[in-house]
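1. sequence first, then the predicted structure:
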Amino acid sequence: MAGVILAAGASRRMGAGRNKMLLQLEGESLLRRAARRAVAAGLSPVVVVLGHEADRARAELKGLSCESVVNSDFTGPTSGSLHKGLEQLGSDVLAAVVMLGDMVLVTEQMLSGLVAAARGTEAPLVVSRYGDVTAPPLLFRRALFGELLAWSGEGCGKAVVQAHRAEAVYVDWPGAALTDVDTPEDFATAQTLLARS
C-alpha cells in the first residue's frame, strides 16, 4: 500500500508569506510530521507532492524513505497534486492512502487502521469518518485510480468518494483528528489540542 501526501499548496490563508508546511509542531515541521507518520505506518512507496517553496520543503524530508514530486501548478485545484502523486506510483501498487499534509492530528495508528480495514474487504475504498464528516486520509484501490486521474476539483477525489460511497468501508475517528491548519488560528488550535493530549 502506497502513501500519497498532498503538501503543495501556497498557504495563502497563513499570511505574511508563511509556508504552513514548514511550521514547527512538537519539534518538527508539519511536512516532516506527515511523511514520518506515513513511513512509520508501513506505507510504501510514500510520495510527497510539493509545490510552494519546493526546495525548502524537500529539505524537510531528508533521511526519510519517501520520494517527492513537484506540482508546478500548485495554486490550481488540489486534483492536480493528487494526479501528480498517483502518476508516480508503479503498476505494482495495488492501493494508495491519500492524506493531507496539514491534517496534523492524523496519526500513524489511523493510517495503519485504514490499511488493516482494507485487508479485510474487497471494497474499492476505505474512508475516514469523523462523526458525520468524511475526509482524508482515504484509501483507494487501483481500480479507482483512473477515475481519480479523470477527476478535477478540490479535495482528495471527493466526487469519486461520493460515487462509490455505497461500496465503501468506513473507519471512525475522533472529531478532533479532523483538525487542519490553514490559518494562524488553526495552528494555535492544533498546538492547544496537542498540549492537552
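-> Noted; the coordinates are in hand.

2. ok, the nearest residue to Ala123 once chain neighbours are set aside - contacts?
-> Residue nearest to Ala123 in three dimensions, not counting chain neighbours: Val169, with 4.5 Å by CB to CB, 6 or more residues apart in numbering. The way it works is simple: take the backbone N, C-alpha and C, and place the C-beta from them, glycine included. The neighbours of Val169, taking CB atoms under 8 Å, 6 or more residues apart in numbering as the test, are 117-118, 121, 123, 125-127.

3. rerun that using 7 Å as the cut-off
-> 117, 121, 123, 126 (CB atoms under 7 Å, 6 or more residues apart in numbering).

4. looking at this structure, which helix or strand is least sure?
-> helix 184-196 (a mean of 86; mean pLDDT, DSSP states H and E).

5. so which bits of that one are buried?
-> Residues 186-187, 189-191 are the ones in helix 184-196 that count as buried (16 or more other CB atoms under 10 Å).

6. and the helix or strand harbouring Gly80, what does it pack against?
-> Using DSSP states H and E, Gly80 sits within helix 78-87. On a contact count with 3 or more CB pairs under 7 Å, 6 or more residues apart in numbering; DSSP states H and E, helix 78-87 meets strand 2-6, strand 46-50, helix 145-150.

7. just the CA atoms of the last one, as PDB, please.
-> Listed next in PDB are the C-alpha coordinates belonging to helix 145-150 (Å, rounded to 0.1, in the frame of the first residue of the first chain):
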ATOM      1  CA  PHE A 145      -7.100   5.400  -9.900                       C
ATOM      2  CA  GLY A 146      -8.500   6.000 -13.400                       C
ATOM      3  CA  GLU A 147     -11.500   7.800 -12.000                       C
ATOM      4  CA  LEU A 148      -9.300   9.900  -9.700                       C
ATOM      5  CA  LEU A 149      -7.000  10.900 -12.600                       C
ATOM      6  CA  ALA A 150     -10.000  11.900 -14.700                       C
END
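
8. can you list contacts of the least confident helix or strand of the chain?
-> Outside helix 184-196, the residues that touch it by CB under 7 Å, 6+ apart are 14-15, 23, 25-26, 104-105, 176, 179-181.

9. do that again at 8 Å, thanks
-> For helix 184-196, the external contacting residues (CB under 8 Å, 6+ apart) are 14-15, 20, 23, 25-26, 104-105, 176, 179-181.

10. next, format those residues as a markdown table and append pLDDT, neighbour count and distance to Thr78.
-> Shown next, in a markdown table, are these (pLDDT from 0 to 100; neighbours: other CB atoms under 10 Å; distance: CB to CB, whole Å):
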| residue | pLDDT | neighbour count | distance to Thr78 |
| --- | --- | --- | --- |
| Met14 | 67 | 20 | 17 |
| Gly15 | 61 | 9 | 20 |
| Lys20 | 87 | 26 | 15 |
| Leu23 | 91 | 21 | 20 |
| Leu25 | 92 | 16 | 22 |
| Glu26 | 89 | 10 | 26 |
| Val104 | 94 | 26 | 17 |
| Leu105 | 94 | 18 | 20 |
| Ala176 | 89 | 13 | 23 |
| Thr179 | 89 | 19 | 18 |
| Asp180 | 90 | 19 | 12 |
| Val181 | 89 | 26 | 15 |
